[in-house]
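Student: Quick one: sequence and predicted model below, then my questions.
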Amino acid sequence: MTTTYRIPGAVLTEREHTVPLVHGDPSRGTISVFTREVAAPDGLDRPYLVFLQGGPGFEAARPTSPPSGWMARALKDFRVLLLDQRGTGRSTPVGPVIPGATAAEQAEYLTHFRADAIVRDLEVIRAELGAERWSLLGQSFGGFTSLTYLSLAPEGLREVLITGGLAPITNRPVDEVYAATWVRVREANQRYHERYPGDLARLRTILRRLDEEDVRLPNGDRLTSRRLRQAGMWLGDSAGFERLHHLLELPFGSAAFLADAQMASGWERNPIYATLHESSYADGGATRWSAGRLAPEEAITGDLLGAEHVFPWMWDDYAGLRAHREAAQLLAEHPWPRLYDADRLARNKVPVAATVYVDDVYVERSFAEETARGVRGLRAWVTNEYAHNGLRADGERIVGRLLDMVRGRA
């Protein structure tokens, strides 16, 4: 089904695509994947740029009216294709639980929602739309998926832009990845308390009271100290220090404090964000709750705020995750297949340009630079001007410069 309509500054075309649940095994049935094409209103036939968003487990960005930021810049050169990756947004939802399924069946079902399946979905869609080749813009997890695309089907790609998403590609153990993220998040905590030195005592008081009192969020969940520590997710955002400070300065237990504390830990809206998160770093092998196993003691009982780290207890503290509890445990022990072909990437012929953010809390800089060296023809822009959300903060400049780099103009 295809629907087209206009908004100020753009023409939008919405499509629903039918793809196999398991590529190569038609007996497993099909699911629907939704795309929204955004084109400039001048009617010119521009090539496609596919946007792969962060995650895993989040739908595509929704266009504003008129388009702004990175999308406004992209529309000068492209038609932008926004993909609700399988299981998200208007694509067939995963849901909290598969009716009648055992935990093992649900876990097996969820194994088909990683980057390799997303790439194969896009190859089906590319053929359906008649695009000989198209370009990619991958943010964060979307950058990881772009590297998988370059590993599996580079013949479908004209050029690739990656922002904050150069994953390790050499089968680096997942524990090394999470050990590095804990170092980065500790540094971010230190920078935060240097900016707001009065907040450390305030934070310690709040954490103590949450251990002693039964404080309930607007949705009925208990606000535990370990849940509040996940507000450290904001430390990787350019405006995150201020968002965290504005949460901590509110009167403890007030309606505003509780509403903002609930918003600070956004794992429930898209449950596969938590359930499949560690699998996005598993380039072969099982994760076995790596982030939790490697967490320093002060991130468990002290005042160290975490970031994109998942823990087994989340499926107890978050009501919206509980239906995935048993499946998540099985997936933590699942021997995940490889996502990247390092040999093929070393022979890559597709032009690639990528940002590497010096103080990225989510993607380790040293591993990103190692990946940049391992992908033939990749040009890296290493910068301390932005946090992980640089594409959202200054997208016009970032996309413009990456296009200049990938096309040899810079």
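Tutor: On my side now, so go ahead.

Student: Could you check stretch 187-203 and say which residues are buried?
Tutor: Residues of stretch 187-203 classed as buried under the neighbour-count rule (16 or more other C-beta atoms under 10 Å) are Ala188, Asn189, Tyr192, Tyr196, Asp199, Leu203. The C-beta positions use only the backbone N, C-alpha and C, and glycine is treated the same way.

Student: er, stretch 61-79 I mean
Tutor: 61, 63, 67, 69-75, 77-79.

Student: So for stretch 167-183, first residue to last residue, what's the gap.
Tutor: Stretch 167-183 has its terminal residues 17 Å apart, counting by C-alpha to C-alpha, to the nearest Å.

Student: Now do the same for that stretch: mean pLDDT, whole number.
Tutor: Taken as a whole, stretch 167-183 carries a mean pLDDT of 95.

Student: what separates that stretch from the chain centre, distance-wise?
Tutor: 16 Å (C-alpha atoms, centre = their mean, to the nearest Å).

Student: So what touches that stretch?
Tutor: 143-144, 147, 151, 278, 280-285, 287, 290-291, 293-296, 299, 307-309, 338-340, 342, 345, 361-364, 366-367, 370-371, 374-375 (C-beta atoms under 8 Å, 6 or more residues apart in numbering).

Student: What are the boundaries of the helices in the stretch 201-350 of the chain?
Tutor: 225-228, 240-248, 255-264, 271-275, 290-293, 314-317, 325-332, 342-346 (DSSP state H, counting those that start in this stretch).

Student: Among those helices, which comes closest to Ala40?
Tutor: Relative to Ala40, the nearest member of the helices of the stretch 201-350 of the chain by C-beta to C-beta is helix 271-275, separated by 32.1 Å.

Student: on contacts alone, who are the packing partners of that closest one?
Tutor: Packing partners of helix 271-275 (3 or more C-beta pairs under 8 Å, 6 or more residues apart in numbering; DSSP states H and E): helix 325-332.

Student: can you pull the buried residues of the helix it packs on?
Tutor: By neighbour count on 16+ other C-beta under 10 Å, the buried set for helix 325-332 is Glu326, Ala327, Ala328, Leu330, Leu331, Ala332.

Student: which ones are touching Gly390?
Tutor: By C-beta under 8 Å, 6+ apart, Gly390 lies in contact with Thr163, Gly164, Ser238, Thr355, Tyr357, Thr383, Ile398.

Student: mind redoing it with 10 Å?
Tutor: Contact analysis of Gly390 by C-beta atoms under 10 Å, 6 or more residues apart in numbering lists Trp70, Gln139, Thr163, Gly164, Ser238, Thr355, Tyr357, Asp360, Thr383, Arg397, Ile398.

Student: out of the residues you listed, who has the most neighbours?
Tutor: Within those, most neighbours by other C-beta atoms under 10 Å means Thr163, with 30 neighbours.

Student: and Asp84, backbone torsions?
Tutor: When quoted as degrees, to the nearest 10, the phi and psi of Asp84 stand at phi -80, psi 100.
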